[in-house]
Structures are given as C-alpha cells and as structure tokens.
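Colleague: give me the fold of what follows.
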Amino acid sequence: RKELHGARTRASEELKLQREAAEQARESMVSLRKLIDADEARSRNDLATVQFDTKACEMRLAELTEQAERQAKENARLRARAHQMRDGIVVMKPRPMDAVAT
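Modeller: Alright, predicted model coming up:
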C-alpha cells in the first residue's frame, strides 16, 4: 500500500511538473504569436506605404514625361520659327550711291 501511495505521489508530482511546463510553453507561444502578429501588421503597413508611394511616383513620372514631350514640341516649334525669321531677314548693306550722297 505504501508503494502504491508512493508511486501515485511520484506520478502526481510528475504530472504537476508536466502541466507547469505545458503552461509555460503555451504562454510562450501566445507571446510569440502576438509578436509575430504585430510584426506582420507593421510589414503590411510598410508594404501599403511603399505601394502608395510607388503609385504616386508613377503618376508624377507620367506627368513629367508628358510635360517634357510638350516642352520638346514647343522648343522644336520655336527653333523652326527662329530659323524662318533668320532666313527672312535681309542684311541691309548701304548702297554705294547712298554713301557718296552723304
């Protein structure tokens, strides 16, 4: 009878230790899960920010590209106009008789 009581006491102590270890493991898992969830939330937020910034940069690039194309066309038009004006200007040289008459 003492042997049974001793075996039951040892089994009870072992079970108590295993329960404590299991509870500690569960608490560690819950704590780790919270950290992982918080890290995932930060990562998702960072990703959303990067995606938003990327979209804004793409839109700005499209605006600047369009503006540069318009400016290039305007510059080409103005260059052509300047060439036309230069071609239309006749260099005025004094006539020989004008020089003598004065």
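Colleague: now Leu47: which helix or strand?
Modeller: Using DSSP states H and E, the element containing Leu47 is helix 2-88.
Colleague: how far is that helix from where the chain is centred?
Modeller: Relative to its parent chain, helix 2-88 has a centroid offset of 10 Å by C-alpha atoms, centre = their mean, to the nearest Å.
Colleague: ok, now which ones touch the spatially most central residue of the chain?
Modeller: Nearest residue to the geometric centre of the chain (C-alpha atoms, centre = their mean): Val50, 3.2 Å. By C-beta atoms under 8 Å, 6 or more residues apart in numbering, the contact list for Val50 is empty. For every residue, glycine as well, the C-beta is placed using N, CA and C.
Colleague: just the residues contacting stretch 10-26, thanks.
Modeller: Applying C-beta under 8 Å, 6+ apart, stretch 10-26 has no contact partners.
Colleague: can you pull the alpha-carbon coordinates of stretch 21-31 into CSV?
Modeller: Output in CSV follows, covering the C-alpha atoms of stretch 21-31 (Å, rounded to 0.1, in the frame of the first residue of the first chain):
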residue,chain,number,x,y,z
ALA,A,21,5.9,23.0,-18.4
ALA,A,22,2.9,22.9,-20.8
GLU,A,23,1.5,26.1,-19.4
GLN,A,24,4.9,27.9,-19.8
ALA,A,25,5.1,26.6,-23.4
ARG,A,26,1.6,27.8,-24.1
GLU,A,27,2.3,31.2,-22.6
SER,A,28,5.5,31.5,-24.7
MET,A,29,3.6,30.5,-27.8
VAL,A,30,0.9,33.1,-27.1
SER,A,31,3.5,35.8,-26.5
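Colleague: now do it, average pLDDT.
Modeller: Across stretch 21-31, pLDDT averages out at 98.
Colleague: ditto for stretch 73-86
Modeller: Mean pLDDT, stretch 73-86: 92.
Colleague: alpha carbons only: can I get that stretch in PDB?
Modeller: What follows is stretch 73-86 as a C-alpha-only set of coordinates in PDB (Å, rounded to 0.1, in the frame of the first residue of the first chain):
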ATOM      1  CA  LYS A  73       7.500  70.000 -79.200                       C
ATOM      2  CA  GLU A  74       7.300  73.700 -78.200                       C
ATOM      3  CA  ASN A  75      11.000  74.000 -78.400                       C
ATOM      4  CA  ALA A  76      11.100  72.400 -81.900                       C
ATOM      5  CA  ARG A  77       8.300  74.800 -83.000                       C
ATOM      6  CA  LEU A  78      10.200  77.800 -81.600                       C
ATOM      7  CA  ARG A  79      13.500  76.700 -83.300                       C
ATOM      8  CA  ALA A  80      11.800  76.300 -86.600                       C
ATOM      9  CA  ARG A  81      10.200  79.800 -86.200                       C
ATOM     10  CA  ALA A  82      13.600  81.300 -85.300                       C
ATOM     11  CA  HIS A  83      15.100  79.700 -88.500                       C
ATOM     12  CA  GLN A  84      12.300  81.100 -90.600                       C
ATOM     13  CA  MET A  85      12.800  84.500 -89.100                       C
ATOM     14  CA  ARG A  86      16.600  84.400 -89.700                       C
END
